[in-house]
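Trainee: Build me a model from this:
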Amino acid sequence: MQLTKYLWAWVTGLIFLFMSTSGVQAQVNPFKGKKTGVYFSSKGFSYPEELYLYVNQFIKVDDEGAWAGQQKEEFMIRLGWLLCDQLQALTSADSMYFLNADLPKGKAFRDAYDPVNNRMITPEESLKNLDYILVISPFELTTRVHKSVFIRSNRMVTDRIDVKILKFQTSLFRANGDRDPRIINICFDEQTGPKPVETYFDFYRKDSSMGKFLSWGFSHWWDAVASGSEGNCE
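Mentor: Predicted structure coming up:
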């Protein structure tokens, strides 16, 4: 009898371990083989004047004619396309649709999405061919001033440096109207934040300081996706 109890406990433990491992594996790459729509909320997309030059340089890396007075829209669209293209390659997804640039699907999503409560109602037919919808909102770029003191010509000089800070949230919905998305929050300070162990995204990181910063921030996000965590914000 005692031996039977031990065997049963051992079998139960193995079953629990298998189920737990299977659950983790299912979270490692939810996009593999799937069709996913990606949406940046314009209302939740913000950055201050201190970053205008950095943003302008980012969007002009491979298009000198960019930004005809619509910097925010250009920035959001450029980032969205880069994210979709590289996320599809990284995850072996079937396809990635940038909903902001797809008028019919974008409108259908806005009609089905409740931004106040971050939930979806039953989507329209045009979205039902998707498996997931990834919503990025809020997406907030801010700065803080770092004072650096150094000596020049026997004088003490204080240099004020704007340090970039990124905070964003992603919500991954099942496109069938699932109201309980998987939420990840990412926080990254350009100066004090640890660099990602591996940089999975290349948003012009060799040609743009903003691009390098965003590449690191989204690489932290992918680490959170792959590990099944809720992000790195305290």
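
Trainee: So what sits opposite residue 184 in the bridge?
Mentor: Note on residue 184: beta-bridge partners residue 170, judged by DSSP bridges.

Trainee: so where's the chain shaky on pLDDT?
Mentor: With pLDDT under 70 as the threshold, the chain has low-confidence stretches at 1-27, 64-69, 146-154, 156-160, 177-179.

Trainee: cutoff 90 now
Mentor: Within the chain, the stretches falling below the threshold (pLDDT under 90) are 1-28, 62-70, 103-104, 112, 119-129, 145-162, 175-180, 234.

Trainee: Show me the helices in it, by range?
Mentor: With DSSP state H as the definition, the chain shows helices at residue ranges 2-28, 52-59, 71-91, 103-112, 209-227.

Trainee: can you list contacts of the third one?
Mentor: Defining contact as Cβ atoms under 8 Å, 6 or more residues apart in numbering, one finds that helix 71-91 is touched by 29, 31-32, 38, 40, 42, 45, 47, 52, 55-56, 58-59, 66-67, 93, 95-98, 100-101, 200-203, 214, 218, 222. Bear in mind the C-beta positions are built from the backbone N, C-alpha and C, glycine included.

Trainee: In ChimeraX, select just the buried ones from the residues you listed.
Mentor: Only the buried entries of these go into this ChimeraX selection, using 16 or more other Cβ atoms under 10 Å:
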select :29,31,38,40,45,47,55,58,59,66,67,93,96,97,98,100,200,201,203,214,218,222
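
Trainee: Out of the contacts of helix 71-91, name the ones that lie in strands.
Mentor: Counted as lying in strands by DSSP state E, out of the contacts of helix 71-91, are 38, 40, 45, 95-98.

Trainee: which two in the residues you listed are spaced the farthest apart?
Mentor: 45 and 95 (23.6 Å; Cβ to Cβ).

Trainee: picking up where we left off before, and which of the ones in strands among the contacts of helix 71-91 is nearest to residue 127?
Mentor: Comparing the ones in strands among the contacts of helix 71-91 against residue 127 with Cβ to Cβ places residue 97 closest, at 9.5 Å.

Trainee: Beta-bridge partners for the closest one, please?
Mentor: Residue 97 forms beta bridges with residue 37, as assigned by DSSP bridges.

Trainee: my guess is it contacts residue 105, does it?
Mentor: Yes: in terms of Cβ atoms under 8 Å, residue 97 counts as a neighbour of residue 105; the distance is 6.2 Å.

Trainee: Any chance you could list residues touching both of the two?
Mentor: residue 37.

Trainee: Hmm, residue 205 and residue 218 touching each other?
Mentor: No: assessed by Cβ under 8 Å, residue 218 is found out of contact with residue 205, at 10.7 Å.

Trainee: residues touching the residue nearest to residue 202 when sequence neighbours are not counted, list them.
Mentor: Nearest non-adjacent residue to residue 202, counting by Cβ to Cβ, 6 or more residues apart in numbering: residue 215, 5.8 Å away. When the contact criterion is Cβ under 8 Å, 6+ apart, the partners of residue 215 are 199, 201-203, 205.

Trainee: what does residue 108 give?
Mentor: Contact partners of residue 108, counting by Cβ under 8 Å, 6+ apart, are 123-124, 126-127.

Trainee: from the residues you listed, which two are the most distant?
Mentor: Using Cβ to Cβ, the two most remote members of the contacts of residue 108 are 123 and 126, lying 8.0 Å apart.

Trainee: Neighbour count for those two, which is higher?
Mentor: Comparing residue 123 with residue 126 by other Cβ atoms under 10 Å, the one with more neighbours is residue 123, at 22 against 15.
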